[in-house]
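A.B. asks: below is the structure, and that's it, no one-letter string:
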């Protein structure tokens, strides 16, 4: 089977993330990783906190903590939330790790040796009120392209255009708000992306045809506008230091690498962290370095559209300029925005539902299913409490949860706590088996294509097929007829229990906790099944009669009108 390397965009260290961040990167990466593992593939899912840059320094200062201590605490807090969402990372690292520093410095040295880094004197924004140079992220103003008045000096989050602080109209310090800014001279290192444009274009032409249109169009738009040489160092106290053996003067001045230079390298650094913590695992280079075995790896990245330019152009350009055979992305799965009643989820503006708040309200599976079933793949999608409540009640509570409860409760009442035997499968069961096999093939095809909304629809159809079968056979009527009717009812319930087990297996990527509860209802010895074949789907006889079972607690509680009003009042129910 193929080896799959999967990464999701690194969540920034300053604060717990919102649901839009979750559905735009980490959650779909987890769903896909789980699915591939179940299908027998060798999978490595890597992520980390992105810990460098001015925001981390400022957040630490606000809390009165050394920045390293702040980042350590924030990393643990974020990891706890992701554990709560059942994100099955192989490793969730930290961009402040020694491994990342060493690899970042190695990349910089090689880029310099190959003529792709140049030291330049530049004029940079300085804020007398703050007593410091302002990195581009901490200069705010109006975007010259779209007119958004909260654009940052590195990128406008509204139109995603990459900016320079001097591009902004009416710039101001994001720290103090001061508009009395000066331009002073300082030295920085520049990555000569312009010299790599032709190579990046050729690579994009080769690999991006199969990418989502969103990702490929953003990459090509950036290339059409022309790659500019980019400063890759900053005047900060916190970050990967510029190596003194290569740039002694800049190192003496305390220059560190730009967060967008070292953050993508942390995918590699985090893999090395994982290998260093698990010596029995395959060497980290076998996932990333062609001569060490990475030639058979398929690399898939997950991210929201604002991260696409850096991952589709800047990081690949960095890898190319090193002139070493490092693994580049094969498939870049990008997402549009998940909005909150038409407005953006925003960490800085505290708008929308944040991941820790979500888990305090309802278990993770409610959120996992809703978010993936409504993933913003082809366009932006909107979170509303009305839509969330309706989806939970219809799909999870009524279609899946009620099916499981009805079947097991009724069978326990009429046949005891073992899977009943009953009659041999008949025409209805054969028809059902064929339908399940067809739907399972559709589900697999959409998962293989990373079409998550369509995969959710196929999964929902699998659940619905069980309900249709149950209504058609009506075991509560069959059992009232005679002994033959009792045997027919037992067959119906045994078939339905086999469906429950099948649902437990194939639903695991979406709702892992509920899938475990469904599987755990049956006391099967050595139940190690990881997937269901087409023949097994047609037969629906994996559970032998006589298998003990228990009725699990309600899988999904229906949300009431009172719940809906409570959520809307707490979080807001309309665009602000």
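C.D. replies: Good, I have the coordinates. Small disclaimer: the values here were computed from a predicted structure and weren't measured.
A.B. asks: thought residue 493 was touching residue 415?
C.D. replies: Yes. With contact defined as Cβ atoms under 8 Å, residue 493 reaches residue 415; the gap is 6.9 Å. (Glycine included, C-beta is placed from N, CA and C.)
A.B. asks: so between the two, which is more surrounded?
C.D. replies: Under the neighbour definition other Cβ atoms under 10 Å, residue 493 and residue 415 were set side by side, and residue 493 has more, 26 against 20.
A.B. asks: can you pull the contacts of that one?
C.D. replies: When contacts are counted by Cβ atoms under 8 Å, 6 or more residues apart in numbering, residue 493 is found next to 407, 410, 411, 415, 419, 420, 422, 475.
A.B. asks: same question for residue 247.
C.D. replies: 119, 189, 255.
A.B. asks: likewise residue 424?
C.D. replies: In this structure, residue 424 makes contact with residue 491, judged by Cβ under 8 Å, 6+ apart.
A.B. asks: surely it is within a strand?
C.D. replies: No. In this structure, residue 424 is coil, not part of a strand, as judged by DSSP: H, G, I helix; E, B strand; the rest coil.
A.B. asks: quick one on the thing from earlier: among the contacts of residue 247, who's most crowded?
C.D. replies: residue 189 (24 neighbours).
A.B. asks: my read is that one is in a strand, agree?
C.D. replies: Yes. Judged by three-state DSSP, residue 189 forms part of a strand.
A.B. asks: ok, back up a step: any of the contacts of residue 493 buried? List them.
C.D. replies: 407, 410, 411, 415, 419, 420, 422, 475 (16 or more other Cβ atoms under 10 Å).
A.B. asks: mind checking the backbone torsions on residue 18?
C.D. replies: phi -90, psi 170 (degrees, to the nearest 10).
A.B. asks: so for it, what's the nearest residue that isn't a sequence neighbour?
C.D. replies: Spatial nearest neighbour of residue 18, chain neighbours left out: residue 345 (4.1 Å); criterion: Cβ to Cβ, 6 or more residues apart in numbering.
A.B. asks: picking up where we left off before, now tabulate the contacts of residue 247 in CSV and tack on pLDDT and distance to residue 544.
C.D. replies: As requested, those are exported to CSV (pLDDT from 0 to 100; distance: Cβ to Cβ, whole Å):
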residue, pLDDT, distance to residue 544
119, 97, 73
189, 98, 67
255, 93, 68
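A.B. asks: does residue 184 touch residue 127 like I think?
C.D. replies: No. Counting by Cβ under 8 Å, residue 127 is not a contact partner of residue 184; they are 10.2 Å apart.
A.B. asks: anything in contact with each of those two?
C.D. replies: Between them, residue 184 and residue 127 share the contacting residues residue 133, judged by Cβ under 8 Å, 6+ apart.
A.B. asks: looking at these two, which is more packed in?
C.D. replies: More crowded of residue 184 and residue 127, by other Cβ under 10 Å: residue 127, with 21 against 12.
A.B. asks: and which of the contacts of residue 493 is nearest to residue 504?
C.D. replies: Nearest to residue 504 among these is residue 407, at 12.7 Å by Cβ to Cβ.
A.B. asks: how about that closest one, secondary structure?
C.D. replies: Per three-state DSSP, residue 407 ends up helix.
A.B. asks: now it. Nearest residue, chain neighbours left out?
C.D. replies: residue 496 (4.3 Å).
A.B. asks: can you list the buried residues in the helix or strand containing the one you found?
C.D. replies: Following DSSP states H and E, one finds residue 496 within helix 483-506. The neighbour-count check on helix 483-506 (16+ other Cβ under 10 Å) flags 486-506 as buried.
A.B. asks: got a list of what the residue nearest to residue 18 touches?
C.D. replies: Contacts of residue 345 by Cβ under 8 Å, 6+ apart are 18, 19, 20, 21, 337, 338, 339, 351, 352, 353, 383.
A.B. asks: next step: those restricted to strands.
C.D. replies: 338, 339, 383 (DSSP state E).
A.B. asks: are any of those residues buried, and if so which?
C.D. replies: Using 16+ other Cβ under 10 Å, the buried ones in the ones in strands among the contacts of residue 345 are 338, 339, 383.
A.B. asks: got TSV for these, with pLDDT and distance to residue 510 too?
C.D. replies: Compiled in TSV, those are given as follows (pLDDT from 0 to 100; distance: Cβ to Cβ, whole Å):
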residue	pLDDT	distance to residue 510
338	94	17
339	92	22
383	95	18
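A.B. asks: for the stretch 201-350 of the chain, which segments are assigned as helices?
C.D. replies: 213-225, 248-252, 259-277, 285-288, 308-309, 315-322 (DSSP state H, counting those that start in this stretch).
A.B. asks: just put the buried ones among the contacts of residue 493 in CSV and tack on distance to residue 42.
C.D. replies: Below are the buried ones among the contacts of residue 493 laid out as CSV (distance: Cβ to Cβ, whole Å):
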residue, distance to residue 42
407, 36
410, 42
411, 39
415, 43
419, 35
420, 40
422, 41
475, 43
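A.B. asks: give me the subset of those lying in strands.
C.D. replies: Those of those lying in strands (DSSP E): none at all.
A.B. asks: any chance of those in CSV, with distance to residue 461 and pLDDT too?
C.D. replies: Below are those laid out as CSV (distance: Cβ to Cβ, whole Å; pLDDT from 0 to 100):
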residue, distance to residue 461, pLDDT
407, 18, 98
410, 23, 97
411, 24, 97
415, 29, 97
419, 25, 97
420, 27, 97
422, 26, 88
475, 22, 95
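A.B. asks: what's the closest of those to residue 76?
C.D. replies: Using Cβ to Cβ, the buried ones among the contacts of residue 493 come closest to residue 76 at residue 407, 41.7 Å.
A.B. asks: most remote residue from the middle of this protein, which is it?
C.D. replies: residue 482 (53.7 Å; Cα atoms, centre = their mean).
A.B. asks: residues contacting it?
C.D. replies: Counting by Cβ under 8 Å, 6+ apart, residue 482 has no contacts.
A.B. asks: against residue 489, how distant is it?
C.D. replies: Distance, residue 482 to residue 489, by Cβ to Cβ, to the nearest Å: 11 Å.
A.B. asks: how far does stretch 214-226 sit from the chain's center?
C.D. replies: 22 Å (Cα atoms, centre = their mean, to the nearest Å).
A.B. asks: in it, which residues are buried?
C.D. replies: 214, 215, 216, 218, 219, 220, 222, 223.
A.B. asks: need the pLDDT of the closest residue to residue 567 other than its chain neighbours.
C.D. replies: In space, and not counting its chain neighbours, residue 567 is closest to residue 385: 4.8 Å by Cβ to Cβ, 6+ apart. pLDDT for residue 385: 95.
A.B. asks: thanks again, I'm all set now.
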